[in-house]
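Engineer: Next come a sequence and a model predicted from it.
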Amino acid sequence: MARKPISISKFAHDAALHFLAQPKKYGLTDVVRKDLIEVAERHTGGCDETAARRGMEWMREHYRRKGEAPRF
């Protein structure tokens, strides 16, 4: 079964940029950093969808750990 093409919201794009702007604060590994770049790029065009999905999940988990509901 084919996967539904991933759609990145403006909020998720902006959140990815927020985390990318402060990599030391959030302890971003090179892999997570790459995944977040894919999220930001997907909002404006094509990307590695697998990596973008991982980046989205990383952000969702970050919000859950803070007790917040992700908005994407």
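Structural biologist: Perfect, thanks for sending it. Numbers count the residues shown, from 1 in each chain.
Engineer: got any ranges where the chain has weak pLDDT?
Structural biologist: Within the chain, the stretches with pLDDT under 70 are 1-5.
Engineer: let's see 90
Structural biologist: Scanning the chain for pLDDT under 90 picks out 1-10, 38, 40-50, 52, 69-72.
Engineer: longest helix of it?
Structural biologist: helix 49-65 (DSSP state H).
Engineer: Check which residues of it are buried.
Structural biologist: Neighbour-count burial for helix 49-65 flags 51-56, 58-60 (criterion: 16 or more other C-beta atoms under 10 Å). The C-beta positions use only the backbone N, C-alpha and C, and glycine is treated the same way.
Engineer: Using TSV, lay out these together with distance to I6.
Structural biologist: Output for the buried residues of helix 49-65, formatted as TSV (distance: C-beta to C-beta, whole Å):
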residue	distance to I6
A51	10
A52	6
R53	6
R54	11
G55	10
M56	8
W58	14
M59	13
R60	14
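Engineer: and which of those residues is nearest T29?
Structural biologist: The closest of the buried residues of helix 49-65 to T29 turns out to be W58 (C-beta to C-beta; 9.7 Å).
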